[in-house]
Structure formats: C-alpha cells, structure tokens
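Peer 1: From the sequence below, what's the structure:
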Amino acid sequence: CTIAVSECVKKHLMNIYNYPEKKIHVIHRGADLKRFNPDRIQTDELIQFAKDNHIPMDKPIITLVGRLSKLKGQNLLLQALGKMKHRELTCLLVGGKAKPEYEKLLQDEIQKLPDTITVRTLSVSAIQIPMIYALSDVVVSTSVVPETFGRTISEANAMKRIVVAFNHGGPSEIILDGQTGFLTPVGNLLTLAKKLDKVLDMKPQDKKKIEKLARE
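Peer 2: Now for the predicted structure:
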C-alpha cells in the first residue's frame, strides 16, 4: 500500500506512473490544532512580535507563507495587490531568502505598487509561524503548480484565518469555496484581487462564521 497525502497525488500516481488505484490509500495531511490555536496567542506578545519585525498593525495584512520561489507565485500576489480596490495594505511574504534573480523580480513588482502598500519579506522560525497567521487578515496561496497538499492552508484555517487560493491541487480539496475560504482560477489576478477585496470588506459576523468553519 502507498500513502498519498491528497487525491491530487493519488491521481498523479495513477495517471503518470500507472500505479494501481487499489494500492493507493489517501491520508490527508493536516495541522497541529494545539500549536495552531488562536486562543494561545497573547495580545501583548502579538504586538511585540509585530514591533520587532517592523510589521504595521494599522492596516489590513495579507500574507503568503512559503519559500520565496517563482513556483509559489509571490510575484503574482504582488501584481494582484496592484489591482485591488483597497490601497492601504501590508503584505507579508514569509519564506526565507530568494535567489538573486527572483529577488530582483519581486523588488521590481514592489516598485510598481503605490506607497500606501507596505511589503515585508520575512524569515521567521517555525515556532513563530502561528504568530504570523494571527497577525494576518487573509492568507493567500498562489502556487503556479498544484500543491501536493497545501500545509500552510490547513495551518491558517486552524488559526481561524480565511485563505484565498488558486483552484488546483491540494487547496481545492481543503477549501470549501465560499464556506471555509475562497478558490480562484489559476493565474487570474483580477479575480484574485476581487476575492481579497471581498474578504477585507466582509461584515465581522460573516467573517467570523467562515473563520469558525475553517478551523472546524
């Protein structure tokens, strides 16, 4: 028996390697609900963390967690930010150091954004990731190739954060579109921008309903 972490991986094994379906058992990955628990985050710790990392807390925060690579699509998120109705934003790109050519591409995209949009690239320890989610108003997954699962989505959901993701691979199995988050066509930046605006414009009671379902 071979364990696949998603239906996406199962189909890949069957279609590309002609692996027999009866030998594949799907066990989805998940998130540690004790570690990724918003009730464990203390307000004073959150404020200090934001201060130490120069993260403004006076405007909405949109976050992408994942290694800085073109495959993860941080450059696409930056382009989508420029198409949003909301112009007072902070964007966190959490994922270490990019290769020089991709770093230049990201910087070029950042330069195109209005001054009211702050972009911070961060490299934080694994133990600090729950704090990143707690700071965020919306988490994004813009991988240009299908994620085998999408661990950052389940982590953000566990932290009661709404995720907007491209509709392919693992994310399409994790997110119930419109109920626990939002899916958008792969590479459609205008739709991505509209969905991000939609989350930021939500009434508090509607947002809390989705956040509760996301953790469940």
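
Peer 1: going forward, measure contacts and count neighbours with C-alpha atoms only.
Peer 2: Will do.

Peer 1: Where does the residue nearest to K207 when sequence neighbours are not counted sit, in terms of helix or strand?
Peer 2: Ranked by C-alpha to C-alpha, 6 or more residues apart in numbering and with sequence neighbours excluded, the top spatial neighbour of K207 is V199, at 7.5 Å. Assigned by DSSP states H and E, V199 belongs to helix 189-201.

Peer 1: quick one, strands of this structure?
Peer 2: Secondary structure of the chain (DSSP state E): strands located at 2-4, 24-26, 61-65, 89-94, 117-122, 138-141, 163-166, 181-184.

Peer 1: Give me the sheet partners of the third one and which way each runs.
Peer 2: According to DSSP bridges, strand 61-65 forms sheet pairs with strand 89-94 (parallel), strand 138-141 (parallel).

Peer 1: got the contact list for that strand?
Peer 2: Under the contact criterion C-alpha atoms under 8 Å, 6 or more residues apart in numbering, strand 61-65 has outside partners 74, 89-95, 133, 135-141, 152.

Peer 1: Which members of those residues are classed as buried?
Peer 2: Buried residues within those, defined by neighbour count using 16 or more other C-alpha atoms under 10 Å: 74, 89-95, 133, 135-141, 152.

Peer 1: give me the beta-bridge partners of the residue nearest in space to the middle of the chain?
Peer 2: Nearest to the centroid of the C-alpha atoms of the chain, with distances taken as C-alpha atoms, centre = their mean, sits V140, at 3.0 Å. On the basis of DSSP bridges, V140 takes part in beta bridges with V164.

Peer 1: Quick check, it in contact with R161.
Peer 2: No: V140 sits out of contact with R161 when judged by C-alpha atoms under 8 Å, with a separation of 10.1 Å.

Peer 1: What is the neighbour count of R35?
Peer 2: Residue crowding around R35 was assessed by other C-alpha atoms under 10 Å; the count is 14.

Peer 1: right, I mislabeled it, should have said L105
Peer 2: The burial metric for L105, expressed as a neighbour count using other C-alpha under 10 Å, is 13.

Peer 1: For V164, see how far away the closest residue to it other than its chain neighbours is.
Peer 2: Distances taken as C-alpha to C-alpha, 6+ apart put N75 closest to L105, at 7.2 Å, once the chain neighbours are dropped. Summarising the geometry, the distance separating N75 from V164, computed by C-alpha to C-alpha, to the nearest Å, is 16 Å.

Peer 1: F149 now?
Peer 2: When C-alpha to C-alpha is applied, the distance between F149 and V164 equals 15 Å.

Peer 1: Between those two, tell me which one has more neighbours.
Peer 2: More neighbours sit around V164 than around the other of F149 and V164, counting by other C-alpha under 10 Å; the figures are 26 against 23.

Peer 1: Pull the contacting residues for G169.
Peer 2: With contacts taken as C-alpha under 8 Å, 6+ apart, G169 has the following neighbours: 8, 145-149.

Peer 1: quick one: contacts for V144?
Peer 2: With contacts defined as C-alpha under 8 Å, 6+ apart, V144 is in contact with 70-73, 186-187.
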